[in-house]
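Asker: sequence first, then the predicted structure, then my questions.
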Amino acid sequence: MADTADTRTPAQIEADIKRRRAVLAETLDEIGVRVHPKTIVGDAKARVVANVDHTLGRTYVRVNRVVSEVKAQFVDEQGAPRLERVVPAALLVVGVVGLLTATTRRRKG
């Protein structure tokens, strides 16, 4: 059997106990902060905000891609409008607005 006798002095043992108590007190304080309801709610809010920011970022990228694709259908590489596509689309929009207006007036009248 190995000799396990402690060769520290009483003052060294007392200093070690004080140091361990300080470390333990610090650990307990950290645990107290972590399990405090305000900390838990704050962490949950931060996770929700991060998820919303991530979702909004992905949505922005997708919408930007769709807008760019639609724009490419109506504008050529030099930025000039493609009249063969713009005119029919404009006529379609005017027709739909006209139908909606007529329908609304019939319901009111």
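Answerer: Looks like it arrived, so ask away. Numbers count the residues shown, from 1 in each chain.
Asker: how is the chain carved up into domains?
Answerer: Following automatic domain parsing, the chain resolves into domains at 9-74, 78-109.
Asker: mind listing what's buried along stretch 57-72?
Answerer: For stretch 57-72, a neighbour-count test (16 or more other CB atoms under 10 Å) marks nothing as buried. Yep, even glycine has a C-beta here, placed from its N, CA and C like the rest.
Asker: and it, C-alpha only, in CSV?
Answerer: Extracted C-alpha coordinates of stretch 57-72, given in CSV (Å, rounded to 0.1, in the frame of the first residue of the first chain):
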residue,chain,number,x,y,z
GLY,A,57,-32.9,36.5,-43.3
ARG,A,58,-33.8,33.3,-45.3
THR,A,59,-37.1,34.8,-46.3
TYR,A,60,-35.4,38.0,-47.5
VAL,A,61,-33.0,36.0,-49.6
ARG,A,62,-35.8,34.0,-51.2
VAL,A,63,-38.0,37.1,-51.9
ASN,A,64,-35.0,38.9,-53.3
ARG,A,65,-34.3,36.0,-55.6
VAL,A,66,-37.9,35.8,-56.8
VAL,A,67,-38.0,39.6,-57.4
SER,A,68,-34.8,39.4,-59.4
GLU,A,69,-36.2,36.5,-61.5
VAL,A,70,-39.4,38.5,-62.2
LYS,A,71,-37.5,41.6,-63.0
ALA,A,72,-35.4,39.6,-65.4
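Asker: please state the offset of that stretch from the chain centre?
Answerer: Mean-position distance between stretch 57-72 and its chain equals 19 Å (CA atoms, centre = their mean, to the nearest Å).
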